[in-house]
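A.B. asks: could you work out the structure for the sequence below:
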Amino acid sequence: MTRLKNKNFKIKESTWNEFKKNCEDIGSNASVEIRKFINKYNKKHKKSNFNIDKALEDSAKEHSDILHELAKR
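C.D. replies: As a prediction, this is how the structure comes out:
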């Protein structure tokens, strides 16, 4: 299991207390909910390794017979 590290951030005390209370109300805690948020955020904003040039090259290879016939016209 990955060892978790403590991190610090600034937040208004009243906002933090409200967040902790809301977490407790759903049977969770602030650490769990912050980790959930970060994981969802990272997943949503993950940069794709998609390479358009490679995709076009692969597609051209896969459909070379069709492209060759179209080039004749």
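
A.B. asks: phi first, then psi, for residue 27.
C.D. replies: In terms of degrees, to the nearest 10, the main-chain angles of residue 27 are phi 80, psi 30.

A.B. asks: offset the numbering so it begins at 523, please.
C.D. replies: Okay, using 523 as the starting number, the last item reads as residue 549.

A.B. asks: count the residues that sit near residue 538.
C.D. replies: 13 (other Cβ atoms under 10 Å). All C-beta spots, glycine's among them, are computed from the backbone N, C-alpha and C.

A.B. asks: how about it, secondary structure?
C.D. replies: helix (DSSP: H, G, I helix; E, B strand; the rest coil).

A.B. asks: just residue 550 next, same as before
C.D. replies: Following three-state DSSP, residue 550 is assigned to coil.

A.B. asks: what about it, how many residues close to it?
C.D. replies: A count of neighbours around residue 550, defined by other Cβ under 10 Å, yields 13.

A.B. asks: next one: residue 594
C.D. replies: Residue 594: 5 neighbours (other Cβ under 10 Å).

A.B. asks: how close does residue 593 sit to residue 547?
C.D. replies: Separation of residue 593 from residue 547 (Cβ to Cβ, to the nearest Å) stands at 66 Å.

A.B. asks: state the distance from the residue most central in space within the chain to residue 530.
C.D. replies: For the chain, residue 565 is the residue whose C-alpha lies nearest the centre (Cα atoms, centre = their mean; 1.5 Å). Going from residue 565 to residue 530 by Cβ to Cβ gives 24 Å.
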